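**Q** this one's structure only:
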């Protein structure tokens with residue numbers, strides 16, 4: 001986006017009546033974080049975590065409408081830039097980079113990409129244009145930057161961050177306005193200057209990840225980083241000045257019109273900051289936590305991409321400022337957000353007892369030591385890295401959100417029945433649709449249709465400005481949207497128990513800790529750190545080796561508690577099994593006498609579940625079963641397949657006849673996951689375990705549980721194993737089970753539509 005920023009600086013057209021920027025407009029339409037923004041001539045382009053980009057057109061001085069929704073990526077978008085007009089493309093092009101490793105090229109008025117650039121092997125997180133050659137430049141997490149010819153749609157050069165093979169993610173890219181010099185910023189804290197696509201200089205200066213670059217003129221450029229600083233450099237690599245003003249990560253930067261070094265920056269917690277002549281002139285507070293991206297329009301207005309899915313426009317022009325009512329409403333939103341940050345506690349932690357960031361000036365005493373600090377009302381978690389001699393930021397401690405849902409009815413046209421879809425307000429509709437498809441065994445081809453249905457009908461998502469036109473791929477004429485034909489089996493995705501209330505878990509752990517033996521007790525100093533790290537795990541935030549080591553250290557102690565007190569520890573294990581950084585470390589190498597290992601954990605959980613012990617606490621059985629379900633997320637089920645024989649034998653000894661519904665549901669989910677895993681990994685070695693799973697499904701169905709979801713998952717497991725795509729051997733065995741046909745047929749009249757529909761499909765497939 002450096003080229004767009006440079007163009008903005010070169011062509012000012014702004015009525016500077018106000019000394020400071022004020023809100024002009026808010027662009028509503030995305031359903032996920034607005035991660036990147038740029039100007040497209042007189043238009044605006046935005047890229048989002050919702051897997052789309054949007055092109056917006058100004059319809060009034062302070063109002064925008066969505067002109068085009070650009071689709072075609074399969075993962076969320078991370079970067080966007082505008083390619084100026086050419087004879088071939090007189091409207092110019094929009095280029096987008098995504099977590100799906102692709103770069104898509106779009107005409108601004110056409111929804112589908114006209115081209116795709118492939119070659120990166122990881123997320124494309126930075127894009128820019130060489131103003132002289134017109135070539136597109138990209139930066140990627142794969143450790144490379146690339147130059148692309150837009151005429152031939154081919155890669156001209158690959159610039160690798162480390163020739164020794166230890167490539168570090170390249171996070172941003174910019175280009176000299178005249179001579180083609182390229183600058184990249186990396187996760188290794190370094191800048192690299194490239195001439196002729198060869199690295200001539202690697203420059204240190206920042207102490208954390210470089211996140212943004214902006215070209216000032218033919219002599220200088222700016223860099224922004226996670227170390228909360230902005231630096232001014234010459235293209236020879238000399239640092240001219242360091243700007244302080246942010247208190248947290250700086251995510252984006254752009255240049256502004258006017259003489260001297262004028263720019264705007266954005267980041268975590270600090271909103272937007274405007275700098276004139278190198279001095280901080282204005283801070284714009286926003287009602288969100290992360291301001292991901294910033295870009296200047298040719299008229300001097302600022303585009304800002306936010307984590308609340310909004311794109312906001314700020315102006316200094318009296319002609320484009322928002323109405324007084326809109327400004328007042330915006331101010332109320334900002335004040336409410338600031339008030340929430342100023343609460344005395346978060347996640348059960350008293351902010352007043354924490355030091356501020358000055359505490360990070362004191363070195364840690366050991367690798368992996370953890371520290372919580374209060375950064376302007378935000379509690380942050382850090383871990384000491386002896387290797388770098390620095391405190392490494394781990395994440396922000398937050399309250400578990402209050403979940404609000406909308407409920408929609410999805411009609412099933414093959415049976416005349418319907419399913420209820422619950423959408424959590426604020427979630428990405430595509431993620432909701434994906435989960436709904438997996439839970440109900442629908443064809444993944446309906447993902448787009450269901451997601452668009454949510455977007456269209458949700459009262460909390462602004463509708464996209466689309467025509468609803470659905471062209472026939474063969475004739476190009478309009479066609480009626482297809483209705484989903486539901487297939488309940490085979491199941492293809494493992495089901496996990498992901499939600500958790502860490503405050504309740506930790507309260508019970510602290511209570512039990514007072515009576516734990518000394519060698520298994522957790523110190524008071526470790527509790528707050530452990531809680532903060534659990535919040536990071538639930539948020540799927542990154543964890544370094546020290547944080548993982550601390551999590552495993554505490555969990556190992558908890559797992560050694562006696563049967564009467566170990567159940568909250570099992571809940572912790574369930575949560576940790578969903579985080580790849582934890583499982584990679586825990587299962588990657590042998591650790592003597594450890595329980596949270598590839599060889600020991602599954603067996604220990606079965607032991608704690610007390611499957612064959614009627615006197616074992618009921619909570620242990622339920623939580624152990626949930627943990628075993630989540631273990632299928634490790635290595636795509638390979639961990640549980642390796643332990644299948646012992647787990648299923650232990651499971652077979654359990655008596656579920658008087659179990660509570662939550663235990664029955666967890667047991668049904670475990671069998672469904674085993675059935676799914678066996679369908680993915682067919683092997684003669686699994687034959688005995690497959691029969692054991694089938695027998696257990698049969699035994700659980702005979703219980704005729706009142707829990708509809710448990711019955712449904714058992715029926716889906718049965719269909720996955722013996723349905724049309726299942727095993728003929730297992731199908732023959734199922735036909736010999738005397739009461740199975742009667743049990744399945746009885747479910748055809750179940751009051752829950754999806755249970756009845758699945759039972760009918762089974763009866764048809766098995767000719768019951």
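**A** Great, that's in hand. These figures come from a predicted structure and were not determined experimentally.
**Q** from now on I want contacts and neighbour counts done on CA atoms only, so please keep to that.
**A** OK.
**Q** what's the end-to-end length of stretch 745-755?
**A** End-to-end distance for stretch 745-755, by Cα to Cα, to the nearest Å: 11 Å.
**Q** and stretch 512-519, by the same measure?
**A** Note: stretch 512-519 ends 14 Å apart using Cα to Cα.
**Q** off-centre distance for that stretch?
**A** 37 Å (Cα atoms, centre = their mean, to the nearest Å).
**Q** that one: which residues count as buried?
**A** By 16 or more other Cα atoms under 10 Å, the buried positions in stretch 512-519 come out as 512-513, 516.
**Q** show me these that map onto helices.
**A** 512-513 (DSSP state H).
**Q** of the buried residues of stretch 512-519, which is the nearest to residue 150?
**A** When these are ranked by distance to residue 150 (Cα to Cα), residue 513 comes first, at 63.1 Å.
**Q** okay, now the sheet partners of whatever helix or strand residue 408 lives in, with direction.
**A** Secondary structure assignment for residue 408, by DSSP states H and E: strand 405-411. Using DSSP bridges, strand 405-411 pairs in its sheet with strand 418-424 (antiparallel).
**Q** circling back to that earlier point, dump the buried residues of stretch 512-519 to CSV, plus pLDDT.
**A** Shown next, in CSV, are these (pLDDT from 0 to 100):
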residue, pLDDT
512, 87
513, 83
516, 82
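**Q** I'd like the next helix or strand past the longest helix along the chain.
**A** The longest helix of the chain (DSSP H) is helix 661-680. The C-terminal neighbour of helix 661-680 among helices and strands, as given by DSSP H and E, is helix 687-702.
**Q** and the angle from that following helix to helix 661-680?
**A** Here helix 687-702 points in a direction 150 degrees away from that of helix 661-680 (axes from the mean of the first three to the mean of the last three Cα atoms, to 10 degrees).
**Q** wait, what's in contact with the residue nearest to residue 720 when sequence neighbours are not counted?
**A** By the measure of Cα to Cα, 6 or more residues apart in numbering, the closest residue to residue 720 outside its immediate chain neighbours is residue 490, 4.0 Å from it. Residue 490 sits next to 441, 676, 716-717, 719-721, 723, 725-726 when contact means Cα atoms under 8 Å, 6 or more residues apart in numbering.
**Q** SS state for residue 329?
**A** helix (DSSP: H, G, I helix; E, B strand; the rest coil).
**Q** tally of neighbours for it?
**A** 12 (other Cα atoms under 10 Å).
**Q** so it versus residue 509, what's the distance?
**A** From residue 329 to residue 509 the distance is 43 Å (Cα to Cα).
**Q** my read is residue 31 is in a strand, agree?
**A** No. Counting by three-state DSSP, residue 31 is located in no strand; its state is coil.
**Q** and for it, the neighbour number?
**A** 24.
**Q** got the confidence number for it?
**A** For residue 31, the model assigns a pLDDT of 87.
**Q** and residue 478, by the same measure?
**A** 31.
**Q** pLDDT weak spots in the stretch 51-200 of the chain?
**A** 163-166 (pLDDT under 70).
**Q** what are the boundaries of the helices in it?
**A** Using DSSP state H, counting those that start in this stretch, no helices are found in the stretch 51-200 of the chain.
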